[in-house]
Structure formats: structure tokens, C-alpha cells
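S.K.: My questions concern the predicted model and sequence given below.
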Amino acid sequence: MSRGAGAGYDRHITIFSPEGRLYQVEYAFKAVKASGLTSVGVRGKDSVCIVTQKRVPEKLLDHASVTHLFTITKTIGLLATGMTADAKSLVQHAQEEAAEFRFKLGYEIPVDYLAKRLADRSQVYTQHAYMRPLGVSAMLVGMDDENGPQLYKCDPAGHFVGYKATSSGLKEQEAIHFLEKRMRNNPLLSYDETVQTAISALQSILSEDFKATEIEVGVVSVADTNFHVLSIEDINHHLITISDRD
């Protein structure tokens, strides 16, 4: 960043620059992209799917221990894109919120309310000098009894909103443009179409033909309301279907 008229304004999270910007919050958004990963979420008529890249940075790491998909409750999943350590903190807070809601009210927390609680916490982090924004963008998926499949995204600034399809990470704009074109004529996707659209979006923008071990896919559907991560065999089946179709 140029150290001109705004010099010093990027050192304090609670001070606006003369242009009305909070540089530390902007840096948090850059930290999400700096992870080098791209994630995609797609909501169909009876299911919702989240997909992200799976990179194991060292050969000696246990492949099974590297993940960006987390289970918050039986029916709610979270996909974190950005700094892994910040993601773990956010996931722990989400699990605590869900458990406290269940304990106090006797039923599972709705996806939209959990997204609101996470966003509220992130927004508070932008107001205090002794805190810093979390460098992570979170997608929440789940099944609502009244409204069906749900897909929400929370950003480091504390903004959350529901989506039909969205993306986070390094090439999120390219993925969003792809999804806008793909879903314009067919917004009510079946389960297989939902999963394959999400995978296709990731393959298209990254210009890669993934192996089943190079991506992670999490789904929730009307048929199975529990959040679960697809097995290597299931992912491979969808990859073959996409390859044959294209």
C-alpha cells in the first residue's frame, strides 16, 4: 500500500482513513485470497453442496487430517476458506453457539441464525483495537424445515447473506460469473446437478481436471438431512459423469 495521505491508517483497526476505509478489514479479505484456494457453494431444489480444493502442503502430512469442511451440528456444515488457524477458532465458536442454542431452547439452531451470530462476532472484531478480523470466509449449509436447503456466507467484515450459489477465495469472481451463467436457465437443480455444477465451476475457473483426492465435497439433502462429506468413490463417480457429459 502506498504510504501517502493514508500513512498510518492501516496500523489501527478502529480508525477510518480520510477515504472512509478500514485497511485492516481489507487486509483480512486479502488474507482469504492469499490462501490460494477457491471454494464454491451451490443450492438446488432439494440439496445444497459445497466444494473446495484439498491441498496437502507436505508429503509427510496425514492426508486425512487436512480439511476445510467442518461439522457444526448433525445437519449443519461449514466450509472455511482462508487462514486455517482462524478457521478453527470460528468453527469452535460456531459449535459453541449451536450447542448453547440447543441446550437453552431444546431444538437445533437454524442455519440463518447461526450465520447471523457468526457475522455479529466478526463485526465486533472490527470495532476493538485489541482484536483483529478473522482472515476467513465461511459458507454455512443446512436444511430448513420450512425453506428447504440453505446456503449462507459470512465474510471477515461481519456481513452475511443467503445465496443460490456463491464462491470464496482466490478466483471467486470468475466462479460467480460461471455460476450466474450456468444457473440462469435452470435454478432448480436436482441433487446430482447441484453437486456436478459446483464441481464443474471449480474445474472451469481453475482449468484443471481434478482427481477425487484433490477436492472436498460436502452435501446436505432432503433425502439425507445430515451434513456429510462425500467419499472418494462418490466424488469419482461425479467426476466421471462430468467428463462424459463434456
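M.R.: Arrived safely.
S.K.: center of the protein - which residue?
M.R.: Nearest to the mean C-alpha position of the chain, counting by C-alpha atoms, centre = their mean, stands M139 at 3.0 Å.
S.K.: what's across from that one in the sheet?
M.R.: Beta-bridge pairing of M139 under DSSP bridges involves L79, K153.
S.K.: isn't it right up against G82?
M.R.: No - contact criterion C-beta atoms under 8 Å: M139 and G82 do not qualify, at 11.4 Å. Any C-beta I mention is one placed from the backbone N, CA and C, and that applies to glycine too.
S.K.: what do the two both touch?
M.R.: Common neighbours of M139 and G82, counting by C-beta atoms under 8 Å, 6 or more residues apart in numbering, are S168.
S.K.: Tell me the buried residues in the longest helix that the chain contains?
M.R.: Longest helix in the chain, counting residues (DSSP state H): helix 84-105. Using 16 or more other C-beta atoms under 10 Å as the test for burial, helix 84-105 gives D86, A87, L90, V91, A94, Q95, E97, A98, F101.
S.K.: So which elements touch that helix?
M.R.: Where contact means 3 or more C-beta pairs under 8 Å, 6 or more residues apart in numbering; DSSP states H and E, helix 84-105 is packed against strand 69-71, strand 77-82, helix 111-124, strand 136-144.
S.K.: Helices along the protein, start to end?
M.R.: Using DSSP H, helices in the chain cover 23-34, 84-105, 111-124, 172-183, 191-206, 232-245.
S.K.: ranking these by burial, who's on top?
M.R.: When you average the neighbours per residue for each of those (mean count of other C-beta atoms under 10 Å), helix 191-206 leads with a mean of 21.
S.K.: how many neighbours does the residue lying closest to L140 once chain neighbours are set aside have?
M.R.: Leaving aside its sequence neighbours, L140 sits nearest to Y152 (C-beta to C-beta, 6 or more residues apart in numbering; 4.6 Å). By other C-beta atoms under 10 Å, the residues close to Y152 number 24.
S.K.: next one: S17
M.R.: S17: 15 neighbours (other C-beta under 10 Å).
S.K.: Quick check, it in contact with Y23.
M.R.: Yes - applying C-beta under 8 Å as the test, S17 and Y23 come out as touching, 6.5 Å apart.
S.K.: Tell me how many other residues surround L134.
M.R.: L134: 27 neighbours (other C-beta under 10 Å).
S.K.: which ones are touching it?
M.R.: So L134 contacts A28, G82, M83, D86, S89, L90, S122, Y125, P156 (C-beta under 8 Å, 6+ apart).
S.K.: Those into TSV, with extra columns for distance to S207 and pLDDT?
M.R.: Listed next are the contacts of L134 as TSV, based on distance: C-beta to C-beta, whole Å; pLDDT from 0 to 100:
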residue	distance to S207	pLDDT
A28	28	93
G82	23	94
M83	26	94
D86	29	94
S89	33	94
L90	30	95
S122	32	93
Y125	36	89
P156	28	94
